[in-house]
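1. sequence and predicted structure, then a few things I'm wondering about:
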Amino acid sequence: MLLGEYEYKVDSKGRLPLPPKFRQEFANGLVLTRGPEQYIVAYKPEEFKKLADTLTNQTVAKSKMRKLSRFTFGGAFELQLDGQGRIALPHSLRSYAQIEDAAIIVGANKCIEIWNPELWNQESIEVTEQAWQIIESLEGQQ
């Protein structure tokens with residue numbers, strides 16, 4: 001599981017270090033793409049493949065699936081960690097997520113999310129306010 005919240009500086013070349021505890025998880029590379037709430041999401045290649053398989057097998061309207069595929073796969077990049085445990089964030093993803101000189105890395109179980117600190121702060125407040133409602137909606141579903 002990928003857990004925790006970490007803040008790092010983004011250098012002038014757009015490189016972002018991953019937390020040391022995540023580096024082994026991504027030793028075989030990672031796939032970055034756009035997250036729906038204006039963040040970057042990073043998957044291990046095998047997890048991204050599972051996501052791709054899941055999306056391929058959905059029974060939603062073809063037009064919606066095309067749009068979702070464009071969003072997910074059109075903005076995706078395969079990367080490797082450099083020798084210092086950093087990833088070079090593609091300019092298009094940095095622009096999408098409004099990441100400039102700092103980023104928050106959030107462990108989200110099977111992936112990590114990379115956020116602009118201000119947007120993460122807003123999201124964190126919203127999630128904290130709604131968590132009890134989400135938990136209550138899950139009761140009895142087990």
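-> Sure thing, it's come through.
2. gap between I114 and D82?
-> 16 Å (Cβ to Cβ, to the nearest Å). (C-beta placed from N, C-alpha, C; glycine too.)
3. oops, could you answer that again for G74 instead?
-> 25 Å.
4. please enumerate the helices of this structure.
-> 20-23, 45-56, 62-74, 91-97, 117-138 (DSSP state H).
5. who wins for proximity to K110 among those?
-> K110 lies closest to helix 45-56 among the helices of the chain, at 5.2 Å (Cβ to Cβ).
6. returning to what we had before: turn the helices of the chain into JSON lines, including mean neighbour count.
-> Output for the helices of the chain, formatted as JSON lines (neighbours: other Cβ atoms under 10 Å):
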{"stretch": "helix 20-23", "mean neighbour count": "14"}
{"stretch": "helix 45-56", "mean neighbour count": "14"}
{"stretch": "helix 62-74", "mean neighbour count": "12"}
{"stretch": "helix 91-97", "mean neighbour count": "16"}
{"stretch": "helix 117-138", "mean neighbour count": "11"}
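7. those helices: lowest mean pLDDT?
-> Lowest mean pLDDT within these: helix 62-74, at a mean of 87.
8. which helices and strands sit right next to that helix?
-> Here helix 62-74 touches strand 30-35, helix 45-56, going by 3 or more Cβ pairs under 8 Å, 6 or more residues apart in numbering; DSSP states H and E.
9. out of those, nearest to E100?
-> strand 30-35 (16.8 Å).
10. so A27 touches L81, yeah?
-> Yes. The pair A27 / L81 is scored as a contact, 7.1 Å apart, by Cβ atoms under 8 Å.
11. these two: who's more crowded?
-> L81 (19 against 12; other Cβ atoms under 10 Å).
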